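Student: Based on what follows, work out the 3D shape:
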Amino acid sequence: MAEKRYTRFDELPLTLTVPEVAEVLDIGRNTAYEIVQSGDLPSRRIGKRSQIRVRKYDLERYMKGEM
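Tutor: All right, here's what the predicted structure looks like:
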């Protein structure tokens, strides 16, 4: 498994890809996609390729159990 890129929450970018969310939550990529698809963690499709992005703010609220 690859070494984690981020060591502190404040180092995270303002938006994250689903694989980055999986890395932060220390869960599998498929599980992260399931959380996003269920709507438990809000996301947006951005760009021409419609990449799914999660706001850092929403991830923080999810981690605190506020969602």
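Student: the bottom helix or strand of the chain by mean pLDDT?
Tutor: Lowest by mean pLDDT, DSSP states H and E among the helices and strands of the chain is strand 44-46, with a mean of 93.
Student: which strands and helices sit next to that strand?
Tutor: strand 51-55 (3 or more CB pairs under 8 Å, 6 or more residues apart in numbering; DSSP states H and E). C-betas here are computed from N, CA, C, even on glycine.
Student: And the strand it packs on, what does it pack against?
Tutor: Against strand 51-55 (3+ CB pairs under 8 Å, 6+ apart) you get strand 15-17, helix 18-25, strand 44-46.
Student: Buried residues in the next helix or strand after it, which are they?
Tutor: Sequence-wise, the next helix or strand downstream of strand 51-55 (DSSP states H and E) is helix 56-63. Across helix 56-63, burial judged by 16 or more other CB atoms under 10 Å covers 56, 58-59, 62.
Student: With distance to R44 added, can I get the residues you listed in a markdown table?
Tutor: Shown next, in a markdown table, are those (distance: CB to CB, whole Å):
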| residue | distance to R44 |
| --- | --- |
| K56 | 13 |
| D58 | 10 |
| L59 | 13 |
| Y62 | 15 |
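Student: for the residue nearest to the spatial centre of the chain, what are its contacts?
Tutor: Relative to the mean C-alpha position of the chain, the nearest C-alpha, by CA atoms, centre = their mean, is the one of V21, at 2.7 Å. Neighbouring residues of V21 by CB atoms under 8 Å, 6 or more residues apart in numbering: 32, 35-36, 41, 54, 59.
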